[in-house]
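>>> Everything below, folded, please.
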Amino acid sequence: PKRWREARVRKLANNQVCVKYSVGSRYYKYWCHVESPELKATENKSHSSSSSDSDSSQEATKDGMWIKGTIIEVLDSVGHWEPASIIRISGQSIYVHYVNWSSKWDEWLNVDADKYKLRLLGAALVESEQERLTKQAEQDF
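Residues are numbered from 1 along each chain as shown. Below you'll find the predicted structure:
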């Protein structure tokens, strides 16, 4: 039986995601497709919202597009797309923690005003012909 392990996103390239995880005291890197059932986004527990936040229980933005605990990509101030976890939501604003960065870089983003800076994880990766055919076959089934 498979066992879920907590991992961190390290790199994104060509419809693939590299994650780093540990087993005991050993660390491993693993590449898989961004839509693989081997991946499951979870809330980053070390950066969860405080109970004093009045909207801390909000699970998604009002439009339903952005969900707490989802790993997304955010365009940073120097023009790089960085993976980030949505750790808090208030109305149409999301509070993100950049993966592998200090919490001092965490920030609030308005999903309407900052729309150009936000995208789903792997959204810019080009689908291969084989992936397109497989997806079509699954839909036709």
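>>> Beta-bridge partners for the most centrally placed residue in the chain, please?
The chain has Ile71 as the residue nearest its centroid, 1.1 Å off, counting by CA atoms, centre = their mean. Counting by DSSP bridges, Ile71 is bridged to Ser85.
>>> I'd say it and Ala84 touch.
Yes - with contact defined as CB atoms under 8 Å, Ile71 counts as touching Ala84 (7.1 Å). C-beta coordinates here come from the backbone N, C-alpha and C atoms, glycine included.
>>> how many neighbours does Ile94 have?
Residues near Ile94, counting by other CB atoms under 10 Å, number 29.
>>> Please, which helix or strand holds it?
strand 93-98 (DSSP states H and E).
>>> quick one: strands adjacent to that strand?
strand 81-90 (antiparallel), strand 107-110 (antiparallel).
>>> Mean neighbour count, the ones you listed: which tops it?
Greatest average neighbour count among the strands paired with strand 93-98 goes to strand 81-90 (a mean of 22), per mean count of other CB atoms under 10 Å.
>>> doesn't Lys20 fall inside a strand?
Yes - Lys20: assigned to a strand according to DSSP: H, G, I helix; E, B strand; the rest coil.
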